[in-house]
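> here you go, sequence then predicted model.
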Amino acid sequence: MPINIPKLLPARETLEKENIFVMDDERAFTQDIRPLNILILNLMPIKETTETQLLRVLGNTPLQVNVTFLKTDTYQSRNTSRDHLDLFYKSFSDIKGQKFDGLIITGAPVELMEFEDVGYWPELTEIMEWSKTNVTSTLHICWGAQAALHYHYGIGKMTLPSKCSGVYSHNVHEPNERLMMGFDDFFFAPHSRNTDVSSEEIVSHPALKLLASSTEAGALIIASKDGRHIMITGHLEYEAGTLAWEYERDLQKGLDIKIPEHYFPQDDPAQSPVNSWRSHGFLLFSNWLNYYVYQQTPYTWK
């Protein structure tokens, strides 16, 4: 998929080195097609890293995608420069009059707080409510998935005795669901979170389907039956070294943290981890864009 991104976006150089097809407005204008307009609400602290991760997995189908990055007005990032945000991000007030084919809401390092205690929660709920009539399908990641389950479906989260961090095997429960097309019967995916959601509540909810889960890490992929909301509790967009970076960060903070499970060879942090989830990460985002966004979105929004 050719991704239309600004020429100066830092992620561009990394993506081009990886042979990801990117373009700018000048080239996109010459293609006589209807591109998909994808909005990304990036709540992660180091936004440039998340930009690269998400743009990488979005670049895997023959469709053209226009990406708009969204920031919160009620919280100012301390880990991303104001210049970067001003140049590449928009506020909700800038875009709320528009329609988008897809929306991605990322995770955020606020999972141990009650939802209503998060400073930007009112703004996030306004965006989630707006998405009901202005977005074809929304993909929610990690804390974003827990926020969606809480807001849209009344399913709460619970604090884990210790952080769920590692790469876990997952079973596919709904192989004929379009989001799971092409998936193996079991596959690996990274998790990095201190809270969890109840698989039993998800299975018993009349509007939801549990598509994949792990005996160790719990629910991973949840979808609303109308396809409007996809919730991913893990991080299939992560790079091979992301969990290692998080582990070192937490050690430097003095946290009592375990080595990520099933991640480092021989559980030795001195060895380089292997990416065992890349193909399913690309497949998940490709299926979402194709079946839940492109196939469902109107050619002309009214």
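That came in fine, so what should we check first?

> going forward, measure contacts and count neighbours with C-alpha atoms only.
OK.

> max-length strand in this structure?
strand 158-172 (DSSP state E).

> please work out the average pLDDT along it.
Per-residue pLDDT over strand 158-172 has a mean of 97.

> so which bits of that strand are buried?
Lys163, Cys164, Ser165, Gly166, Val167, Tyr168, Ser169, His170, Asn171, Val172 (16 or more other CA atoms under 10 Å).

> could you check how far the second one is from Ser214?
In other words, Cys164. Distance check for Cys164 against Ser214: by CA to CA, to the nearest Å, it reads 12 Å.

> the first one now?
Here Lys163 is placed at a distance of 15 Å from Ser214 (CA to CA).

> same question, Thr195
Distance, Thr195 to Ser214, using CA to CA: 15 Å.

> can you give me the helices for the stretch 51-200 of the chain?
82-88, 92-95, 121-134, 143-153, 199-204 (DSSP state H, counting those that start in this stretch).

> now the ones you listed as JSON lines including mean neighbour count, mean pLDDT and distance to Arg34?
As requested, those are arranged in JSON lines below (neighbours: other CA atoms under 10 Å; pLDDT from 0 to 100; distance: least, CA to CA, whole Å):
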{"stretch": "helix 82-88", "mean neighbour count": "13", "mean pLDDT": "91", "distance to Arg34": "23"}
{"stretch": "helix 92-95", "mean neighbour count": "12", "mean pLDDT": "96", "distance to Arg34": "19"}
{"stretch": "helix 121-134", "mean neighbour count": "16", "mean pLDDT": "97", "distance to Arg34": "17"}
{"stretch": "helix 143-153", "mean neighbour count": "21", "mean pLDDT": "98", "distance to Arg34": "29"}
{"stretch": "helix 199-204", "mean neighbour count": "14", "mean pLDDT": "98", "distance to Arg34": "36"}
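
> quick one: closest of those to Thr68.
Across those, Thr68 has its closest neighbour in helix 82-88 (8.1 Å, CA to CA).

> could I get that closest one in PDB with only the CA atoms?
Taking C-alpha atoms only, helix 82-88 is exported to PDB below (Å, rounded to 0.1, in the frame of the first residue of the first chain):
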ATOM      1  CA  ARG A  82       6.100  20.600  20.300                       C
ATOM      2  CA  ASP A  83       7.600  21.300  16.900                       C
ATOM      3  CA  HIS A  84       6.900  17.700  15.800                       C
ATOM      4  CA  LEU A  85       3.400  17.800  17.100                       C
ATOM      5  CA  ASP A  86       2.600  21.200  15.500                       C
ATOM      6  CA  LEU A  87       4.000  20.100  12.200                       C
ATOM      7  CA  PHE A  88       2.500  16.600  11.800                       C
END
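
> who touches that helix?
Pro6, Leu9, Phe69, Lys71 (CA atoms under 8 Å, 6 or more residues apart in numbering).

> which SS state does Leu220 fall under?
strand (DSSP: H, G, I helix; E, B strand; the rest coil).

> do you know how far it is from Pro190?
10 Å.

> shared neighbours, those two?
Counting by CA under 8 Å, 6+ apart, the contacts common to Leu220 and Pro190 are Gly234.

> just to be sure, Ala223 is in a strand?
Yes - judged by three-state DSSP, Ala223 forms part of a strand.
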